[in-house]
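>>> fold the following.
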Amino acid sequence: LLTVVLLCHNRPGFAVEAIKSILNQSTCSFDLLISDNSSNKQLNDIVNNDFPALAYRSWFPGIPAIEHFRRVISSVDTPYFVMFHDDDVMEIDYVRSILRQFSVTPHAAAVGTNGIMINSDGSRIKTGVTGNTNVFAASDQDIIFCDQNKFVLQYLAGDFGGAANFSSYAYNTEVIRGIYPDLSKCRYYFDTIFLTQILQRGPIVWINQP
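Numbers count the residues shown, from 1 in each chain. Coordinates of the predicted model:
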């Protein structure tokens, strides 16, 4: 039902940790594709030596990041997909939780999760005035967004709100078909614009669990 695409760019050490965390999921009901947009062959060599059975695609010597997103989205052939990042670590029940949520809200455009801020050593980082280590604060188990204004305000709330990390999102392939991230719109906030666009197709759900 779901494809996890690991987006990589010149961080082979972090990418290996991300790969291990994905392979350590509590369910095997997903496909894993490593999409390597690196300008070198380091990760290519690691995958060939240590993970030869995994699906691997290289864009060497590299394409623009937005084009990488576009090609990944266009190539997905499962009902749901994730664009995970090579500097993140996936909790053991992530895939199981995502698939469970889509079974409850099958018309959702996307499902995101809470997360824990960590540094390069894996230690928790406290952020904001509240000293919270989670990426967003919520009193409810799940949050369902149907309104674009409410969704964007969550991003603007800063220390008192927060937002699900972009890499935590799983997408409903058919619902969001034809919508792609665009770096020309708000530059480094393109992810928020992309999410508000797909919100026009269906609700976005946040799972209040890392």
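
>>> specify the local secondary structure of the spatially most central residue of the chain.
When the chain is reduced to its mean C-alpha position, the nearest residue by Cα atoms, centre = their mean turns out to be residue 167, at 2.2 Å. Here residue 167 is helix, with the state taken from DSSP: H, G, I helix; E, B strand; the rest coil.

>>> got it, and residue 34?
Under three-state DSSP, residue 34 comes out as strand.

>>> how many other residues sit next to it?
25 (other Cβ atoms under 10 Å). In this view, the C-beta of every residue, glycine as well, is placed from N, C-alpha and C.

>>> pLDDT at it, what is it?
Looking at residue 34, its pLDDT is 98.

>>> just residue 50 next, same as before
97.

>>> what about it, distance to residue 60?
19 Å (Cβ to Cβ, to the nearest Å).

>>> repeat for residue 46
14 Å.

>>> what's the answer for residue 16, then?
18 Å.

>>> and those two? which has more neighbours close in?
Comparing residue 16 with residue 60 by other Cβ under 10 Å, the one with more neighbours is residue 16, at 16 against 13.

>>> count the residues that sit near the closest residue in space to the more buried one that isn't next to it in sequence.
Leaving aside its sequence neighbours, residue 16 sits nearest to residue 46 (Cβ to Cβ, 6 or more residues apart in numbering; 6.3 Å). For residue 46, the neighbour count with other Cβ under 10 Å is 17.

>>> same check, this time on residue 193
16.

>>> that one touches residue 180, doesn't it?
No: assessed by Cβ atoms under 8 Å, residue 193 is found out of contact with residue 180, at 11.0 Å.

>>> hmm, which helix or strand of this structure has the shakiest average pLDDT?
Within the chain, no helix or strand scores below helix 148-156, which has a mean of 87 by mean pLDDT, DSSP states H and E.
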